[in-house]
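Peer 1: build me a model from this:
(one chain, ligands or ions: 1)
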Amino acid sequence: MLVAEAEEKKHEKERVVNASFPPLKMAGLSVQELQDLCKDLHRKIDVVDEARYDMQIKVAKNDTEIQTLNQKIIELKGVKRPSLKRVKKTTDDMLGAYTDTSKLMKADFKANLKTVKKEDEKTKLLKMAAVMLEKEKEEKKHEREATLNDKVPALQLSGLSMQDLQAMCKELHHKIDVVDEERYDIDAKVTKNNKEIENLSLKIFELKGKMKRPALKRVKISADAMLGALLGAKVKESVDFKANLKTVKKEEEKKEEVTDWRKNVDAMSGFCCFVLRMSKYKLFLLRHGEGAWNKENRFCSWVDQKLSEDGVKEAQDCGRLLKEQGYKFDLVFTSILSRSIQTAWLVLEAMGQEWVPVVKSWRLNERHYGSLIGLNRAEMALQHGEEKVKLWRRSYDVTPPPIDESHPYFLEIYNDRRYTTCDVAKENLPRAESLKEVLDRLLPYWDSTVVPEIKNGRTVLISAHGNSCRALLKHLEGISDVDIASVTLPTGIPVLLELDENLKPVKPRQLLGDQAKIQAAIKKVEDQGKAKQTAT
Ligand SMILES: O=C(O)[C@H](O)COP(=O)(O)O
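Peer 2: This is a model prediction of the structure:
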């Protein structure tokens with residue numbers, strides 16, 4: 001069995017490598033053509049070798065992550081890691097610890113940071129750390145270039161005879177195969193590691209108890225109360241509906257169970273409690289794929305970042321999934337930020353529905369994070385505490401401090417030509433927004449432009465942002481100001497809403513795709529606000 005599997009893997013590898021680089025054909029080629037072929041092969045080696053190098057780095061990173069996750073699991077299972085003493089250190093000691101990896105392992109940076117009382121000392125420390133990280137990044141870049149140049153030295157073709165050129169082509173072709181096979185093996189390792197990381201993350205998630213279905217008591221409730229809970233009215237009843245259908249118990253117990261049915265979406269998914277109202281329209285909300293600054297954990301907001309490589313893949317995967325499930329769009333709405341537009345294009349391309357019209361409006365833009373734009377969430381959590389960052393990110397009506405002319409991204413945003421096309425004057429565009437303010441600017445557009453299209457029977461995709469989608473969800477599902485704080489949307493995951501003729505949801509929203517992966521992705525977004533980077 002194992003031998004057969006190994007054989008099959010070997011064939012698959014040969015098939016992939018051969019398909020990428022078919023056998024060499026040199027018969028009848030002139031010297032000029034052979035030179036071009038050499039150049040082409042040399043360029044291809046560069047490309048494959050770069051991919052191989054980057055994956056190698058990823059493997060190393062993943063290995064470290066796997067180790068950390070395993071350690072976390074051990075801790076969660078109760079085998080505690082030796083506790084770190086909070087010792088008073090000077091700023092210099094701490095910087096030493098921060099920048100020297102061997103010391104870093106022993107230093108509880110977060111605890112130490114708390115011992116630095118003066119605010120300016122902390123700022124100095126963080127600034128220096130940022131400079132060092134930047135330097136380390138530069139060094140890595142140079143190291144990468146040097147290694148790649150060593151491995152694939154520049155091509156020397158001058159003075160070579162036809163025979164020499166043919167030999168060179170053969171040699172280069174062989175080299176591609178070797179590098180590509182290496183790349184293939186490392187790629188397989190990356191996939192395996194990713195799977196392992198995913199499993200370990202899920203294990204941690206489970207261990208923390210978050211995936212446990214809330215314990216719901218079997219209570220008897222009236223049909224009216226159940227309807228109220230189902231339809232998301234002001235009545236808040238948390239009930240195990242399935243159990244209710246079977247069991248009748250004391251009426252008083254009903255009072256003990258008060259929460260929002262939306263929290264039980266997981267528990268209820270697939271369960272048909274919503275037959276009482278007809279699903280008339282399907283609406284899809286999508287938070288764009290991972291952006292370059294999502295990766296760097298910086299508040300991106302109105303800065304126009306493109307998708308990261310992973311983000312491109314997320315958008316394509318999303319399109320493939322929607323295609324597989326047979327969905328067809330008639331109209332797509334996006335913000336005027338590139339990452340949401342790029343996502344819409346990639347989704348439509350993967351679905352083979354490129355022709356579908358795409359309509360853009362600033363009213364679907366990400367929430368304006370004011371002066372927080374560009375800052376790193378984890379650093380902010382270190383400086384101001386995780387609670388504060390959570391408040392900035394998830395509260396309904398807290399507006400962060402506004403952006404002003406001195407902000408490094410002020411001109412980049414407000415001098416951008418796209419903001420001269422909005423339906424409000426540039427000087428009236430927001431300088432910071434709470435989620436409530438996002439909803440305030442989004443609702444008129446929703447009502448005047450999107451709703452009529454849906455009611456005309458068009459299947460609409462809204463490719464927007466974490467917070468513009470959350471604002472819309474709050475409106476459609478009637479989520480309370482408090483409960484919206486625990487709604488998090490992962491990047492690149494389509495959210496399907498089934499609505500009745502009044503555009504009220506008839507069942508819980510569905511996040512389409514592999515549910516375990518989705519839970520892990522949600523957790524990843526939530527964890528962005530933790531002071532984790534330098535704390536462990
Ligand atoms: O603006 C951003 O940086 C993100 O897209 C949303 O950030 P959040 O998850 O911190 O709200």
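
Peer 1: just give the nearest non-adjacent residue to the single nearest residue of the chain relative to the ligand, would you?
Peer 2: Going by CB to the nearest ligand atom, the ligand is nearest to C300 of the chain, at 3.5 Å. The way it works is simple: take the backbone N, C-alpha and C, and place the C-beta from them, glycine included. Nearest non-adjacent residue to C300, counting by CB to CB, 6 or more residues apart in numbering: W293, 3.9 Å away.

Peer 1: that neighbour falls within a strand, correct?
Peer 2: No - judged by DSSP: H, G, I helix; E, B strand; the rest coil, W293 forms no part of a strand; its state is helix.

Peer 1: for S434, grab the count of nearby residues.
Peer 2: The local packing of S434 (other CB atoms under 10 Å) involves 21 other residues.

Peer 1: what sits against it?
Peer 2: By CB atoms under 8 Å, 6 or more residues apart in numbering, S434 lies in contact with R367, S395, Y396, D397, V398, T399.

Peer 1: which residues does the closest residue to the first one other than its chain neighbours contact?
Peer 2: Among residues not flanking R367 along the chain, N467 sits closest, at 3.8 Å (CB to CB, 6+ apart). Contacts for N467 were tallied using CB under 8 Å, 6+ apart; they are E366, R367, L435, V438.

Peer 1: burial of E65, as a residue count?
Peer 2: Using other CB under 10 Å, E65 has 16 other residues around it.

Peer 1: surely V389 is in contact with G529?
Peer 2: Yes - V389 is within contact range of G529, at 4.3 Å (criterion: CB atoms under 8 Å).

Peer 1: and Q56, what pLDDT?
Peer 2: Predicted confidence (pLDDT) at Q56: the value is 82.

Peer 1: now do the strands in the chain.
Peer 2: Applying DSSP state E to the chain gives strands spanning 281-287, 331-334, 358-360, 460-464, 494-499, 510-511.

Peer 1: is the fourth one anywhere near the ligand?
Peer 2: It refers to strand 460-464. No - using CB under 6 Å from any ligand atom, strand 460-464 stays clear of the ligand, coming no nearer than 10.0 Å.

Peer 1: which stretches of the stretch 201-350 of the chain have low pLDDT?
Peer 2: 201-202, 204-276 (pLDDT under 70).

Peer 1: what residues does it have near the ligand?
Peer 2: Proximity of the stretch 201-350 of the chain to the ligand (CB under 6 Å from any ligand atom) is limited to residues F299, C300, S301.

Peer 1: neighbour count and distance to S463 added to those residues, as TSV?
Peer 2: Formatted as TSV, the entries for those read as follows, by neighbours: other CB atoms under 10 Å; distance: CB to CB, whole Å:
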residue	neighbour count	distance to S463
F299	24	20
C300	22	16
S301	25	17
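
Peer 1: out of those, which is nearest to A146?
Peer 2: Looking at those and their distance to A146, the nearest is C300, at 32.0 Å (CB to CB).

Peer 1: and the gap between that closest one and R339?
Peer 2: For C300, the distance to R339 equals 8 Å [CB to CB, to the nearest Å].

Peer 1: find the residues that touch each one of those two.
Peer 2: Jointly contacting C300 and R339 under the rule CB under 8 Å, 6+ apart are G291.

Peer 1: intersection of neighbour lists for V389 and G529?
Peer 2: R377, A381.

Peer 1: only alpha carbons, please: show stretch 374-386 as CSV.
Peer 2: Listed next in CSV are the C-alpha coordinates belonging to stretch 374-386 (Å, rounded to 0.1, in the frame of the first residue of the first chain):
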residue,chain,number,x,y,z
GLY,A,374,-0.3,52.4,8.9
LEU,A,375,0.2,51.4,12.5
ASN,A,376,0.9,47.8,13.5
ARG,A,377,-1.9,46.3,15.6
ALA,A,378,0.4,44.1,17.7
GLU,A,379,2.6,47.1,18.5
MET,A,380,-0.4,49.1,19.4
ALA,A,381,-1.5,46.3,21.7
LEU,A,382,1.8,46.4,23.4
GLN,A,383,1.7,50.1,23.8
HIS,A,384,-2.0,50.6,24.7
GLY,A,385,-3.2,47.1,25.7
GLU,A,386,-5.2,44.5,23.8
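
Peer 1: before we move on, the earlier item: of all the residues of the stretch 201-350 of the chain next to the ligand, which comes closest to Y409?
Peer 2: Using CB to CB, these come closest to Y409 at S301, 8.8 Å.

Peer 1: for the closest one, give me its contacts.
Peer 2: Residues counted as contacts of S301 (CB under 8 Å, 6+ apart) are E366, R367, H368, Y369, L372, I373.

Peer 1: go on, K189?
Peer 2: Residues near K189 by CB under 8 Å, 6+ apart: M55, V59.

Peer 1: so what pLDDT did it get?
Peer 2: 81.

Peer 1: next: D150.
Peer 2: 77.

Peer 1: burial check on it, number of neighbours?
Peer 2: Neighbourhood size, D150 [other CB under 10 Å]: 8.

Peer 1: rewinding a little: next, format the contacts of N467 as a markdown table and append neighbour count and pLDDT.
Peer 2: Output for those, formatted as a markdown table (neighbours: other CB atoms under 10 Å; pLDDT from 0 to 100):
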| residue | neighbour count | pLDDT |
| --- | --- | --- |
| E366 | 26 | 98 |
| R367 | 27 | 98 |
| L435 | 23 | 98 |
| V438 | 26 | 98 |
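
Peer 1: within reach of the ligand, which of the residues you listed are there?
Peer 2: The residues of the contacts of N467 that also fall near the ligand, by CB under 6 Å from any ligand atom, are E366.

Peer 1: just the ones in helices from the contacts of N467, please.
Peer 2: Counting by DSSP state H, those place L435, V438 in helices.

Peer 1: JSON lines for the contacts of N467, including distance to N193?
Peer 2: As requested, the contacts of N467 are arranged in JSON lines below (distance: CB to CB, whole Å):
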{"residue": "E366", "distance to N193": "31"}
{"residue": "R367", "distance to N193": "34"}
{"residue": "L435", "distance to N193": "36"}
{"residue": "V438", "distance to N193": "37"}
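
Peer 1: farthest-separated two in the contacts of N467?
Peer 2: Using CB to CB, the two most remote members of the contacts of N467 are E366 and L435, lying 11.2 Å apart.

Peer 1: what about G352, how many neighbours?
Peer 2: For G352, the count of nearby residues is 9 (other CB under 10 Å).

Peer 1: same question for P357.
Peer 2: Residues lying near P357 (other CB under 10 Å) number 10.

Peer 1: T334 is in contact with that one, correct?
Peer 2: No - counting by CB under 8 Å, P357 stays clear of T334, with 11.0 Å between them.

Peer 1: tell me the contacts of the residue of the chain closest to the ligand?
Peer 2: C300 makes contact with G291, W293, N294, E366, I373, according to CB under 8 Å, 6+ apart.

Peer 1: how close does it sit to P402?
Peer 2: Look at C300 and P402: by CB to CB, they are 17 Å apart.

Peer 1: and stretch 515-529, average pLDDT?
Peer 2: Throughout stretch 515-529, pLDDT has a mean value of 96.

Peer 1: residues of it that come out buried?
Peer 2: Residues Q519, A520, A521, I522, K523, V525, E526, Q528, G529 are the ones in stretch 515-529 that count as buried (16 or more other CB atoms under 10 Å).

Peer 1: what of stretch 456-474?
Peer 2: 459-474.

Peer 1: and for stretch 418-434?
Peer 2: For stretch 418-434, a neighbour-count test (16+ other CB under 10 Å) marks Y419, L429, P430, R431, A432, E433, S434 as buried.

Peer 1: just those now: which is nearest T491?
Peer 2: Of all these, the one sitting nearest T491 is E433; the distance, using CB to CB, is 20.2 Å.

Peer 1: the closest one and G370 touch, don't they?
Peer 2: Yes - contact criterion CB under 8 Å: E433 and G370 qualify, at 7.5 Å.
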